[in-house]
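Enquirer: return a 3D structure for these sequence lines:
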Amino acid sequence: MLDIDHVARDASCMITAPQMRAARALLGLDQRQLASLAAVSLPTIQRMEASKGTVRGNAETLTKVIEALDRAGLVLIRDHDTSGAGGRGVRFKDSHG
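Expert: Purely as a prediction, here's the structure:
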């Protein structure tokens, strides 16, 4: 489980709007379905995905979305995480192999 205070303090823990859209696409979810999984409103998801760069929102809401993606089997690749080409991204956890 994510530490809400840590998410609020550390921008590297944040999710970007393109990551959020990519995560939904990878899972085959629409915005309404993601909102339901994260227990947030549809307009909240719409606002988050319309953000430029890092998603804006309160720490609790961001944590709910990130945790919902985690429960769905995704891993967020953050800045400076190990990945072939560098940069941010999203992938399935190893168990989806």
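Enquirer: can you find the helix or strand of this protein with the lowest average pLDDT?
Expert: Counting by mean pLDDT, DSSP states H and E, the chain has its least confident helix or strand at helix 4-9, which shows a mean of 44.
Enquirer: quick one, longest helix in the chain?
Expert: helix 59-71 (DSSP state H).
Enquirer: on contacts alone, who are the packing partners of it?
Expert: Helix 59-71 sits against helix 4-9, helix 17-27, helix 31-38, helix 42-49, with contacts defined as 3 or more C-beta pairs under 8 Å, 6 or more residues apart in numbering; DSSP states H and E. Just so you know, the C-beta spots here come from the backbone N, C-alpha and C atoms, and that holds for glycine as well.
Enquirer: could I get the last one in CSV with only the CA atoms?
Expert: Taking only C-alpha atoms (Å, rounded to 0.1, in the frame of the first residue of the first chain), the coordinates of helix 42-49 have been written out as CSV:
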residue,chain,number,x,y,z
LEU,A,42,-15.6,10.4,-13.5
PRO,A,43,-15.0,14.2,-13.7
THR,A,44,-11.9,13.6,-11.4
ILE,A,45,-10.5,11.1,-13.8
GLN,A,46,-11.2,13.4,-16.7
ARG,A,47,-9.5,16.4,-15.0
MET,A,48,-6.5,14.2,-14.1
GLU,A,49,-6.1,13.0,-17.7
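Enquirer: what's the angle from it to helix 31-38?
Expert: In terms of direction (axes from the mean of the first three to the mean of the last three C-alpha atoms, to 10 degrees), helix 42-49 departs from helix 31-38 by 100 degrees.
Enquirer: mean confidence for stretch 30-44?
Expert: For stretch 30-44, mean pLDDT rounds to 97.
Enquirer: ok, now stretch 49-68?
Expert: Mean predicted confidence for stretch 49-68 is 90.
Enquirer: give the buried residues for it.
Expert: 49, 51, 55, 57, 59, 61-68 (16 or more other C-beta atoms under 10 Å).
Enquirer: can I get those residues in CSV including distance to residue 90?
Expert: Putting those into CSV (distance: C-beta to C-beta, whole Å) gives the following:
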residue, distance to residue 90
49, 13
51, 16
55, 13
57, 18
59, 20
61, 19
62, 15
63, 17
64, 17
65, 12
66, 11
67, 14
68, 13
